[in-house]
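> Structure, please.
(chains A and B)
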Amino acid sequence: MFDILGPITVGPSSSHTAGAIRIGLACRIILGEEVKKARVIFYGSFADTYRGHGTDKAVIGGLLGFNTDNVKVRESLQLAQFRGMEYVIDTAEEPRYHPNTVRIEAQGATRSINLRGISVGGGAMRLVELNGFAIDAACLYDTLIVFHKDTPGTLAGIAQTLSGSGYNIGNLRLSRDKREGDVITIIETDVPVDGETVAALRQVGSVAGVVSIPKF
Amino acid sequence: MNIPSIDYLLDESAKNNQPIWQIVLREEQADSGMSIEQLRERVEHTYSVMRDAATGGISSELKSVSGLTGGDAARYYKYFKNHKNLLGSLSARAMAYALGTSEYNAAMGVIVAAPTAGAAGVLPGVLLAAQEEYGFTDREAVNALITATGIGAVIATRATISGAQGGCQAEVGSGCAMAAAALCDVMGGTARQSAHAAAIALKNSLGLACDPVAGLVEVPCIKRNGMYACMAIAAADLALAGVESFVPPDEVIDAMYQIGCNLPSCIRETAEGGLAITPTGLRAKRRLF
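Numbers count the residues shown, from 1 in each chain, chains lettered A, B, ... in the order given. From the prediction side, this is the model:
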């Protein structure tokens, strides 16, 4: 309902501003710490019109932790400097990508990630690539991103931990680079998963990390 | 929330003897797990954001981020307050609020996408103006917004609300249909009348190109929000008089989608056709980028 009557967002464009803020915010949440350095690369229509739509302010605002309804997005470029976050805005061409695509290389004090997101209209977005893995997360539900190894029993352990705490898995998608390599699993749940269960998930088999993204 | 058809809303409404907004609330409650009260509170908050945006837009001469537009909402509102106008009080007020919201949007103000930021002015323009003219309560306004959301949800499910996919008919056309249904509902229309108000509004938006100058949500978007606020009022008035759309609402929505699929990509938000490539449009783009 609030995707039709909403989102509540700074203007001027639901696709070029609101969706871009959400991709930036998702990036900040996945990184799990303050962004120290960011390279933002716009493709397609984002590259052509980002200045007029404030798409640069939108992504940087999201990286600073602002949601769509936060007026501070308007001053995000100055705020980034004030907070000591370095950033560069680039444009590039890649005809295979969705017209509203942004790639963010974000670096924190201890970690760095490479995320590609697309803004699909009305403020909705999808995360389509994370650290080189093809993923698909729209963040319309509470979402867990689990980093683990491609080993027998890990997925069963994840599912068991969730069901043990009473959570229903709405959707689950797996993406691996090669047999017995690294895996990113995206899990959507009907309600937010509590911190204790997230901590328990981190103890499962080959799990290397868990990120919980509240639904937008 | 997936509502398959307007017919579904009307059938459920008739079966349960409930207005459309109650059916929509029931569906959303099941889908989101939120309580009816929580949902209503969130819509109330949404309405207050709409009011702030419209008021913010008419009260000062805002310039858009690009510098391309701004000041027309304040200009028209001043004219409306001080002169006899041609539209009449309700439509003139709706025009001012719709323009105001859209200018506020272009200035990176906080707005409610309804259903998109590009079409953010129509629904609040109509509803806020009607509330001032007819004095209904905020609670009734919230019901009307929920009715509008039901219509928008069907359009999003059966067709599209994205200008890149369906042209402006999918954005402002959808906003106009939602506003017509909302106004009809709050003025005492039946569920069927609200549905036909939406159908008449959408029918008269069919084929609208999305050809924004420099690719920005400004020209022609801002004035179009004002113009289609007036169109929504006209559609609601026809429906309240008992006039029905010859083609039923769901078929109109399907027609909108089919037309959207057939629109060339140069008039689907790419800024490669129409107004965007007029000499003036191209000059504006060169000046900006």
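> which residues in chain B form helices?
Secondary structure of chain B (DSSP state H): helices located at B:6-16, B:20-32, B:36-59, B:72-82, B:89-106, B:122-134, B:138-158, B:163-166, B:168-186, B:191-203, B:221-240, B:249-262, B:279-288.
> Comparing the ones you listed, which comes out most buried?
Of all these, helix B:168-186 has the most neighbours on average by mean count of other C-beta atoms under 10 Å in any protein chain shown, namely a mean of 33. For every residue, glycine as well, the C-beta is placed using N, CA and C.
> quick one: it to helix B:221-240, angle?
For helix B:168-186 against helix B:221-240, the angle by axes from the mean of the first three to the mean of the last three C-alpha atoms, to 10 degrees is 40 degrees.
> and helix B:168-186, C-alpha only, in CSV?
C-alpha atoms of helix B:168-186 as CSV (Å, rounded to 0.1, in the frame of the first residue of the first chain):
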residue,chain,number,x,y,z
CYS,B,168,3.2,9.7,-18.6
GLN,B,169,-0.3,8.1,-18.8
ALA,B,170,1.2,5.5,-16.3
GLU,B,171,2.3,8.3,-13.9
VAL,B,172,0.1,11.3,-14.1
GLY,B,173,-2.7,9.2,-15.7
SER,B,174,-2.6,6.9,-12.7
GLY,B,175,-2.4,9.8,-10.2
CYS,B,176,-5.4,11.4,-12.0
ALA,B,177,-7.4,8.1,-11.7
MET,B,178,-6.6,7.8,-8.1
ALA,B,179,-7.5,11.4,-7.3
ALA,B,180,-10.9,11.1,-9.2
ALA,B,181,-11.8,8.0,-7.2
ALA,B,182,-10.7,9.6,-3.9
LEU,B,183,-12.8,12.7,-4.6
CYS,B,184,-15.8,10.8,-5.7
ASP,B,185,-15.6,8.6,-2.5
VAL,B,186,-15.3,11.5,-0.1
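> What mean pLDDT does that helix get?
In this model, helix B:168-186 has an average pLDDT of 98.
> coming back round to it: which one of the helices of chain B lies nearest to A:P12?
Proximity to A:P12 (C-beta to C-beta) singles out helix B:89-106 among these, at 4.7 Å.
> Now do that closest one against helix B:36-59, angle only.
Using the same axes, to 10 degrees: helix B:89-106 against helix B:36-59 is 90 degrees.
> So which elements touch helix B:89-106?
When contacts are defined as 3 or more C-beta pairs under 8 Å, 6 or more residues apart in numbering or on different chains; DSSP states H and E, helix B:89-106 packs onto helix B:36-59, helix B:72-82, strand B:110-112, helix B:122-134, helix B:221-240.
> List, one by one, the residues from chain A near chain B.
For chain A, the contact set with chain B under C-beta under 8 Å from any C-beta of the partner chain comprises A:1-15, A:17-18, A:45, A:48-49, A:51-54, A:57, A:69, A:71, A:73-74, A:99-100, A:120-123, A:190-191.
> Going through the residues you listed, which ones are buried?
A:1-15, A:17-18, A:45, A:48-49, A:51-54, A:57, A:69, A:73-74, A:99-100, A:120-123 (16 or more other C-beta atoms under 10 Å in any protein chain shown).
> ok, of the helices of chain B, where does mean pLDDT dip lowest?
Minimum mean pLDDT among those: helix B:163-166, a mean of 89.
> helices and strands around it, which ones?
strand A:112-121, helix B:249-262.
> sorry, back to before: ok, which of the helices and strands packed on helix B:89-106 comes nearest B:E269?
Set against B:E269 and scored by C-beta to C-beta, these come closest in helix B:221-240, at 10.6 Å.
> can you point me to the longest helix in chain A?
helix A:19-31.
> What residues of the following helix or strand past it count as buried?
Next helix or strand after helix A:19-31 toward the C-terminus (DSSP states H and E): strand A:37-43. The neighbour-count check on strand A:37-43 (16+ other C-beta under 10 Å) flags A:A38, A:V40, A:I41, A:F42, A:Y43 as buried.
> do you know how far the residue most central in space within chain A is from chain B?
Here the mean C-alpha position of chain A is nearest to the C-alpha of A:A26 (C-alpha atoms, centre = their mean), at a distance of 3.0 Å. With distances taken as C-beta to the nearest C-beta, to the nearest Å, A:A26 is found 18 Å from chain B.
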